[in-house]
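Q: quick one, what's the 3D model for this:
(one chain, ligands or ions: 1)
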Amino acid sequence: MAELENMHDNEIKKSHLPSDLDLRVKTLETLLTEKGLIDPETLDALVDTYENKIGPRNGAKVVARAWVDETFKLLIKENCSKVIKEEFGFKGRQGEHIIAVENTPKIHNVVVCTLCSCYPWTVLGLPPTWYKSAPYRARIVQEPRSVLAEFGTIIPKEKEIRVWDSTSELRYLVIPQRPLGTDDWTEDKLASLVSRNAMIGVSLAEEPPL
Ligand code: FE
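A: Prediction:
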């Protein structure tokens with residue numbers, strides 16, 4: 001993870017200048033800050049909230065439902081967007097066509113957008129910086145096992161890793177494997193084990209505390 005972030009930093013240094021859009025956003029932020037109209041710390045807190053707190057909680061609810069309801073799980077593997085709109089009212093930009101891909105004892109799924117940063121906002125909120133970085137986008141396709149190991153996720157050799165490339169037409173939500181020892185858990189409690197990274201596929205669901 002730290003390695004990935006370093007690579008991301010190097011990539012930025014290499015490309016000399018931020019992209020036109022990044023530059024415009026940064027300029028706007030600087031201007032608004034100078035005029036005292038916004039507080040950068042508040043802005044960071046807001047971004048963090050959407051990246052880590054509010055956003056991915058929607059996805060965690062969907063995963064927890066899939067763990068307890070086989071029919072629901074089958075339906076979201078066909079058309080996740082339609083089902084979660086009906087069941088949870090989750091809808092919005094960048095969530096028009098999501099399908100769920102399920103981790104099994106034989107298959108581990110991980111998601112990327114090799115072209116840019118397509119991401120299922122409806123269920124995961126804003127994408128983390130590393131997801132948009134060039135090293136992640138290139139390396140997860142070429143050497144998924146080592147990239148996952150950098151996230152602390154060791155996938156046994158005998159397990160197949162499937163890398164899903166998102167597009168503006170199709171995005172993916174990973175259903176991690178349900179941890180053992182959670183048979184009598186409620187959906188709410190199960191959702192607490194599902195992190196954003198587990199739904200991108202770079203982590204597994206958390207183990208229940210002993
Ligand atoms: Fe993209």
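Q: okay, and residue 139 sits in which element?
A: Assessed by DSSP states H and E, residue 139 sits inside helix 134-142.
Q: what about the nearest residue to residue 68 once chain neighbours are set aside, how many neighbours?
A: Excluding its sequence neighbours, the residue lying closest to residue 68 (C-beta to C-beta, 6 or more residues apart in numbering) is residue 187, at 5.7 Å. Every C-beta, even on glycine, is put in place using the N, C-alpha and C of the backbone. Residues near residue 187, counting by other C-beta atoms under 10 Å, number 15.
Q: quick one, what contacts residue 187?
A: Applying C-beta atoms under 8 Å, 6 or more residues apart in numbering to residue 187 gives the contacts 61, 64, 65, 67, 68.
Q: need the pLDDT of the last one.
A: Okay, so that is residue 68. We have a pLDDT of 97 for residue 68.
Q: so which of the contacts of residue 187 belong to helices?
A: 61, 64, 65, 67, 68 (DSSP state H).
Q: buried subset of those residues as a PyMOL selection?
A: Of the ones in helices among the contacts of residue 187, the buried ones can be selected in PyMOL as follows, counting by 16 or more other C-beta atoms under 10 Å:
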select buried, resi 61+64+65+67
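Q: let me have the ones in helices among the contacts of residue 187 in a markdown table, extended by distance to the ion.
A: Output for the ones in helices among the contacts of residue 187, formatted as a markdown table (distance: C-beta to the ion, whole Å):
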| residue | distance to the ion |
| --- | --- |
| 61 | 25 |
| 64 | 27 |
| 65 | 27 |
| 67 | 28 |
| 68 | 32 |
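Q: circling back to that earlier point, for the helix holding residue 139, buried residues please.
A: For helix 134-142, the neighbour count (16+ other C-beta under 10 Å) marks 135, 136, 137, 139, 140 as buried.
Q: and these as CSV, adding pLDDT and distance to the ion?
A: What follows is these, written out as CSV (pLDDT from 0 to 100; distance: C-beta to the ion, whole Å):
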residue, pLDDT, distance to the ion
135, 96, 16
136, 97, 12
137, 96, 9
139, 97, 16
140, 98, 14
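Q: which parts of this structure sit against the ion?
A: 113, 115, 116, 117, 118 (C-beta under 5 Å from the ion).
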